[in-house]
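[1] following is a predicted model, sequence given first.
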Amino acid sequence: MQRTVIIDALQRRDFGAEINVRGWVRSRRGNKQVSFIALNDGSTIKNIQIVVDLTQFDEEKLKPVTTGACISATGILVESQGAGQAVEIQLKELEVYGTADPEKYPLQKKGLSMEYLRTIAHLRPRTNTFGAVFRIRHNMAMAIHTYFHEHGYFYFHTPLITASDCEGAGQMFQVTTKNLYNLKKTEDGQIDYSDDFFGKMTALTVSGQLEGELGAMALGKIYTFGPTFRAENSNTPRHLAEFWMIEPEVAFIQKDELMDLEEDFIKYCVRWALEHCMDDLEFLNQYMDKGLIERLKSVVDTEFVRLPYTEGINILQEAIKNGKKFEFPCNWGDDLSSEHERYLVEEHFKKPVIMTDYPKEIKAFYMKLNADDKTVQGTDVLFPQIGEIIGGSVREESLDKLNAEIERRHIPMKDMWWYLDTRRFGSAPHAGFGLGFERLMLFVTGMQNIRDVIPFPRTPKTAEF
């Protein structure tokens, strides 16, 4: 018999029809006359109830039906007598696909900690919490592709293996086929890469932005959406070594238009979650973060504040004068920490903030200089509970100014002649931003740790599964 997905079965009202559902047992309870099986197949947060008349089924047949077991259940769709569901299934036929030993199956107990669930990341998608998170993750990916497609952008695939360090941070994972136990060296003791696969030192990308700029200089509007890698030894709830980035790059736009794009895009994603993921959001709102749905709605319904960095510093310093304590200093020229960003968003303005015009010393070499020669046209979006969720800027289109900044910072560009060519041949004003997908997921789900919004987190000393 053809299977009905549980999300569809729960919508059916053709009572009396025979129906087949398949999935994993969440629980089984009952008495001597009747047994109730809660079944879930991942299509929805909600379980369907299978009612077993114990006069019709031998107890031995039901013994393998324990929490975690995988079964196929065929029966009659009926109106539910109990609270909490509109329909249930009166069992006629049962097939057990896979058992789960109650002594060993680790998802038996309720109230398992997030830390423990990370040690069994191969099983945690079967919990209500992680089922909800990963369904929302899918929906956010769909929202991103849909938004850009509807707005005339082209999905542009940038390389994961690269010889350039976009951010100049140097914290990159090296890619090599060399024998690390017998490294060939040059006369001056440096590693000789001439016999390596690519004939030069290569690494996993930290960003697709530079290549994305090349795409925008030909296609007008592009976006990238793929994995990026940072070899930062950061054991924090906000950092991963492997994460996903969305990076649109647009020709012929200025700073104000870039901020419009950032605000419109992120509101679209949040609105999509509210429209397509409400069952999962309601679960997370109830069990993980009581203010989640209210916070999501507030972002969609409010106009973001646009705040020059200098004004932001003045507000923070005024707060310190009035007794506010921060762990880190915030003088003009300092890179703001998450606590400063969150104060501005959560306590001062009580709404998202787009901070602009940062000191050039704390931003990347490619950002467009303002006329004051001290600040650049950065446009970072700061969100409640997260801090910075988007980092964007107008890019410097002048070859002379870009070269001057590269020389001032002593950035080695010998392998990036291709990037400078975009300023040599038909240079154009352009801008873009980067959004960490997992940062967006933290906001949309209300989860507290970035390791809990990606199926298999990669962090220092952790590369399981």
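    Ah, there it is.

[2] low-confidence regions, this structure specifically.
    165-170 (pLDDT under 70).

[3] which outside residues touch the helix or strand harbouring Leu316?
    Using DSSP states H and E, Leu316 sits within helix 309-321. Applying C-beta atoms under 8 Å, 6 or more residues apart in numbering, the external contacts of helix 309-321 come out as 326, 330-332, 334, 336, 340, 343-344, 348, 353, 355-359, 375, 378. C-beta coordinates here come from the backbone N, C-alpha and C atoms, glycine included.

[4] go on, stretch 391-407?
    213, 254-255, 258, 262, 360, 363-369, 376-381, 413, 420, 423-424, 427-434.

[5] pull out the buried residues from those residues.
    Buried members of the contacts of stretch 391-407, scored by 16 or more other C-beta atoms under 10 Å, are 213, 255, 258, 262, 360, 363-369, 376-381, 423, 427, 430-434.

[6] which parts of the stretch 1-150 of the chain are strands?
    With DSSP state E, counting those that start in this stretch as the criterion, the stretch 1-150 of the chain has strands at 18-30, 34-40, 48-53, 70-79, 87-98.

[7] quick one: closest of those to Tyr153.
    Smallest distance to Tyr153 across the strands of the stretch 1-150 of the chain (C-beta to C-beta): 36.6 Å, for strand 34-40.

[8] next, the buried residues of that closest one.
    Ser35, Ile37, Ala38, Leu39, Asn40.

[9] what is the nearest of the residues you listed to Lys184?
    Among the buried residues of strand 34-40, and counting by C-beta to C-beta, the member closest to Lys184 is Asn40, at 55.3 Å.

[10] surely the closest one meets Ser27?
    No - the pair Asn40 and Ser27 does not pass the contact test of C-beta atoms under 8 Å, sitting 9.8 Å apart.

[11] identify the contacts common to those two.
    Common neighbours of Asn40 and Ser27 (criterion: C-beta under 8 Å, 6+ apart): none identified.

[12] so what's the residue lying farthest from the centre of the chain up against?
    What lies farthest from the middle of the chain is Thr55; by C-alpha atoms, centre = their mean that is 49.6 Å. With contact taken as C-beta under 8 Å, 6+ apart, Thr55 is in contact with Gln33.

[13] what about 10 Å?
    Contacts for Thr55 (C-beta atoms under 10 Å, 6 or more residues apart in numbering) come out as Lys32, Gln33, Val34.

[14] which positions in the following helix or strand past the helix holding Leu316 come out as buried?
    Proceeding N to C from helix 309-321, the next assigned helix or strand is helix 338-342, under DSSP H and E. The neighbour-count check on helix 338-342 (16+ other C-beta under 10 Å) flags Ser338, His340, Glu341, Arg342 as buried.

[15] go on, stretch 154-163?
    Those would be Phe156, Thr158, Thr162, for stretch 154-163 by 16+ other C-beta under 10 Å.

[16] likewise for stretch 380-391?
    Asp380, Val381, Leu382, Phe383, Pro384, Gln385, Ile386, Gly387, Glu388, Ile389, Ile390, Gly391.

[17] against Asp415, how distant is the nearest residue to Gln174 once chain neighbours are set aside?
    With C-beta to C-beta, 6 or more residues apart in numbering as the criterion, Gln174 has its nearest non-adjacent residue at 5.2 Å, and that residue is Ala203. As judged by C-beta to C-beta, to the nearest Å, Ala203 and Asp415 stand 12 Å apart.
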